[in-house]
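>>> Provided below for reference: sequence and predicted model.
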Amino acid sequence: MSGPQQKKSFAVTTSHRPSKATIDLAKHFAKKLGVPFVERNDLSQKALADTLKVRGLVVVSANRVSYFEGGREFFFHPGLASLRIKELKNGKTDQMIKAMSLIPGDYVLDCTLGLGSDAIVASYVAGVEGRITGLEDSSVIAALVQHGLANYPAPEKDLALAMRRVRVININHKEYLAGLAPQSYDIVYFDPMFRIPRCHSPAIDSIRPLANPHPLDRETIDLALKVAARRVVMKERRGSTEFQRLGFHRIEGGKYAPVVYGVIERKRL
Ligand SMILES: C[S@@+](CC[C@H](N)C(=O)[O-])C[C@H]1O[C@@H](n2cnc3c(N)ncnc32)[C@H](O)[C@@H]1O
């Protein structure tokens, strides 16, 4: 694993005056992440982080699990996935789903899970017969998103069911792809951290201290082409030179959208 947080310079604590259930959950996260659990002892987050000489803290409270670093908070929420699912229900086109050519029953490997929004939308469309596996290199992002997908109390039933169906694996996607049998998934999807970050992306900004920032390489795309029975799809900024560098010559997406999708169809190879 190569995300920045792998220096393990963080610890797990609770909110002030935690219940036993909150303490137990915090201990569970500490064990899972292989870092210390520390009692809050009425200290502010900054004072606790300074005392422990760590750069970040996972804070478990009664209603959410967050990671704090440098004044930024990251916690799981379905975000835009909820709106995108509503729009799909209203018959609107979702550009990612279109680029994937995703249909019910498809198996999708999301190699860059992040906050899980794209995986949730894919899961909604793939339905109960489908399979969505999300790979995430950062152990903190993977643990918080896995917990959120399993527990977030979404009022909309379709959204909740789509979230519960996403399987999360904390691994570098290159390593995982190398171990998969040919054509194990219909679609392999990448949404790497953009080479040039977009200005207004609060959700992505919240995971930036933890996320693996490295660009994809051609070898990874070749592995993805082995694993995908139909398509490899990559999201990037419109006009990004990444598309050409990685062999995505077909670009799909909204006419004026700032973000578009590169598609390589396997059968055309
Ligand atoms: C831009 S975010 C993905 C956002 C996601 N599509 C969503 O809807 O929330 C990219 C994520 O991919 C992860 N990532 C980057 N390189 C990776 C790799 N080699 N293996 C696994 N995860 C990786 C980063 O840590 C980050 O969390």
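Good, I have the coordinates.
>>> for residue 191, what are its contacts?
Counting by CB atoms under 8 Å, 6 or more residues apart in numbering, residue 191 touches 110, 112, 114, 118, 234-235. All C-beta atoms are positioned from the backbone trio N, CA, C, and that covers glycine.
>>> which residues touch the closest residue to it other than its chain neighbours?
Distances taken as CB to CB, 6 or more residues apart in numbering put residue 235 closest to residue 191, at 4.2 Å, once the chain neighbours are dropped. By CB under 8 Å, 6+ apart, the contact set of residue 235 is 96, 118, 189-191, 259-262.
>>> with residue 113 instead?
Contacts of residue 113 (CB under 8 Å, 6+ apart): 119, 134-136, 141-142, 145, 168.
>>> go again using 7 Å as the cut-off
119, 134-136, 145, 168 (CB atoms under 7 Å, 6 or more residues apart in numbering).
>>> next one: residue 259
Contacts of residue 259 (CB under 7 Å, 6+ apart): 235, 237-238, 253.
>>> can you give me the pLDDT of the residue lying closest to residue 178 once chain neighbours are set aside?
Nearest residue to residue 178, sequence neighbours excluded (CB to CB, 6+ apart): residue 223, at 5.8 Å. With respect to pLDDT, residue 223 has a value of 98.
>>> export the helix or strand hosting residue 223 as CSV, just CAs?
In this structure, residue 223 is located in helix 218-227 according to DSSP states H and E. The C-alpha coordinates for helix 218-227 follow below in CSV (Å, rounded to 0.1, in the frame of the first residue of the first chain):
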residue,chain,number,x,y,z
ARG,A,218,0.1,1.4,-18.8
GLU,A,219,0.8,-2.0,-17.1
THR,A,220,-2.3,-1.4,-14.9
ILE,A,221,-4.4,-0.7,-17.9
ASP,A,222,-3.1,-3.8,-19.6
LEU,A,223,-4.0,-5.8,-16.5
ALA,A,224,-7.5,-4.2,-16.5
LEU,A,225,-8.0,-5.2,-20.1
LYS,A,226,-7.3,-8.8,-19.2
VAL,A,227,-9.8,-8.7,-16.3
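>>> so what does that helix touch, helix or strand wise?
Contact partners of helix 218-227 among helices and strands, from 3 or more CB pairs under 7 Å, 6 or more residues apart in numbering; DSSP states H and E: helix 173-178, strand 185-190, strand 228-237.
>>> does the lowest-mean-pLDDT helix or strand in the chain reach the ligand?
When the helices and strands of the chain are compared on mean pLDDT, DSSP states H and E, helix 202-207 comes out lowest with a mean of 84. Yes: counting by CB under 6 Å from any ligand atom, the ligand has neighbours in helix 202-207: 204, 207.
>>> which residues touch residue 30?
12, 36-37.
>>> circling back: TSV for the contacts of residue 259, including distance to the ligand and pLDDT?
Listed next are these as TSV, based on distance: CB to the nearest ligand atom, whole Å; pLDDT from 0 to 100:
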residue	distance to the ligand	pLDDT
235	7	97
237	11	93
238	16	94
253	15	94
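>>> now the helices and strands packed on helix 218-227 as a markdown table including distance to residue 152?
Listed next are the helices and strands packed on helix 218-227 as a markdown table, based on distance: least, CB to CB, whole Å:
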| stretch | distance to residue 152 |
| --- | --- |
| helix 173-178 | 24 |
| strand 185-190 | 22 |
| strand 228-237 | 23 |
